[in-house]
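[1] What follows is a predicted structure for the sequence shown.
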Amino acid sequence: MKTLYHPAAERGHANFGWLDSHHSFSFGQWHKAEKMHFGALRVLNDDMVKGGAGFGTHPHDNMEIVSIPLSGTLAHKDSTGRSEIINTGDVQIMSAGSGISHSEFNASKTAPVNFLQVWLFPKQKDITPRYEQKTFDTAGRHNQWQTVVSPDEQDNAVWINQDAKFSLAQIDAGTQLDYKNAFAGTGIYFFVLEGKVNIAGKELNKRDALGVSEANEVVLKATDKSFILAIEVPMSLN
């Protein structure tokens, strides 16, 4: 088993007034050669956007882009003509494929929105751009993994153009939970959204992360009531 520890305090940080963003991997003007990606995981941004503000229309291509609101609501528009509201409890994915432009704004004029934006390198390039979002019952992640992003339609998750899975779990203090890899040769990037949890023998606090590779199963035990995101990705980019 190999592990890669990313403490919250060592994330990149950019504050533009309307946007307060923390970067787990190199992004924008924050560049760290040792933090370019974890396998197919390229970007994990923890964004706080003020009421009425947001990202104007901009292009993407050949990237799988997942948005997960943690509090508040996002308004999405893109060049396919879609106009959607993404609430807390929803998960959205946009396969940029051959090229798409979109905007994301705080749907509220007053309350902030906090959301994760995650980018993965795709399995197939230049596919037709696509969009999907789903609402998930948070009860389905209590002391168990709730798959919210997957290429397997049986998971009832949003579909991704990659052999990757995103899973969420809300774990009671003192509870142990195992993560078993869905694919061969993948690694798992565990991101602690809330609480304190021991993962593979490493104590992690809020917004700390641990990448685990060369293992088929990982054991987690919550010290406090905790909220965890697990991102399973191919470790090879071939």
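    Arrived safely, thanks for sending. None of the values given here were measured: they were computed from a predicted structure.

[2] how much space is there between Gln176 and Val218?
    Distance, Gln176 to Val218, using C-beta to C-beta, to the nearest Å: 11 Å. All C-beta spots, glycine's among them, are computed from the backbone N, C-alpha and C.

[3] Check Asn114 too.
    26 Å.

[4] Have a look at those two and say which one is more surrounded.
    Val218 (20 against 15; other C-beta atoms under 10 Å).

[5] And the more buried one, which helix or strand is it part of?
    Using DSSP states H and E, Val218 falls within strand 217-222.

[6] For Lys35, grab phi and psi.
    phi -130, psi 50 (degrees, to the nearest 10).

[7] ok so, going back, show me how far the helix or strand just after the strand holding Val218 is from its chain's centre.
    Counting by DSSP H and E, the element after strand 217-222 in chain order, helix or strand, is strand 226-234. Here strand 226-234 shows a centroid-to-chain-centroid distance of 8 Å under the convention C-alpha atoms, centre = their mean, to the nearest Å.

[8] tell me the average confidence for strand 226-234?
    Mean pLDDT, taken over the full extent of strand 226-234, equals 98.

[9] Likewise for stretch 5-15?
    The pLDDT scores in stretch 5-15 average 97.

[10] quick one: low-confidence ranges for this protein?
    238 (pLDDT under 70).

[11] List the residues that contact the residue nearest the centre of it.
    Nearest residue to the geometric centre of the chain (C-alpha atoms, centre = their mean): Val118, 4.3 Å. Neighbour list for Val118: Leu41, Val43, Leu44, Asn45, Ile65, Val66, Ser67, Ile68, Phe166, Ile231 [criterion: C-beta atoms under 8 Å, 6 or more residues apart in numbering].

[12] if we go to 6 Å?
    Leu44, Val66 (C-beta atoms under 6 Å, 6 or more residues apart in numbering).

[13] just Ser24 next, same as before
    Contacts of Ser24 by C-beta under 6 Å, 6+ apart are His6, Arg11, Leu44.

[14] on that earlier part again, between strand 226-234 and the strand holding Val218, find me the angle.
    With axes from the mean of the first three to the mean of the last three C-alpha atoms, to 10 degrees applied, the angle from strand 217-222 to strand 226-234 works out at 160 degrees.

[15] does His207 really touch Ala8, like I thought?
    Not quite, residue 207 is Arg, not His. Yes. Under the criterion of C-beta atoms under 6 Å, Arg207 makes contact with Ala8 at 3.5 Å.

[16] okay, now Thr88: neighbour count?
    16.

[17] residues near the residue lying closest to it once chain neighbours are set aside, how many?
    Spatial nearest neighbour of Thr88, chain neighbours left out: Pro69 (4.7 Å); criterion: C-beta to C-beta, 6 or more residues apart in numbering. For Pro69, the count of nearby residues is 19 (other C-beta under 10 Å).

[18] Also the one 5 residues further on?
    For Leu74, the tally of surrounding residues (other C-beta under 10 Å) stands at 27.

[19] who's it bridged to?
    Ile86, Asn106 (DSSP bridges).

[20] List the residues that contact it.
    Leu74 neighbours (C-beta under 6 Å, 6+ apart): Ile86, Glu104, Val113.

[21] Would you enumerate the residues in contact with the spatially closest residue to the last one that is not a sequence neighbour?
    This points to Val113. Nearest residue to Val113 in three dimensions, chain neighbours excluded: Gly72, at 3.0 Å (C-beta to C-beta, 6+ apart). Neighbour list for Gly72: Ala111, Pro112, Val113 [criterion: C-beta under 6 Å, 6+ apart].

[22] what about the second one, neighbour count?
    By other C-beta under 10 Å, 16 other residues sit near Pro112.

[23] Alright, I will stop here.
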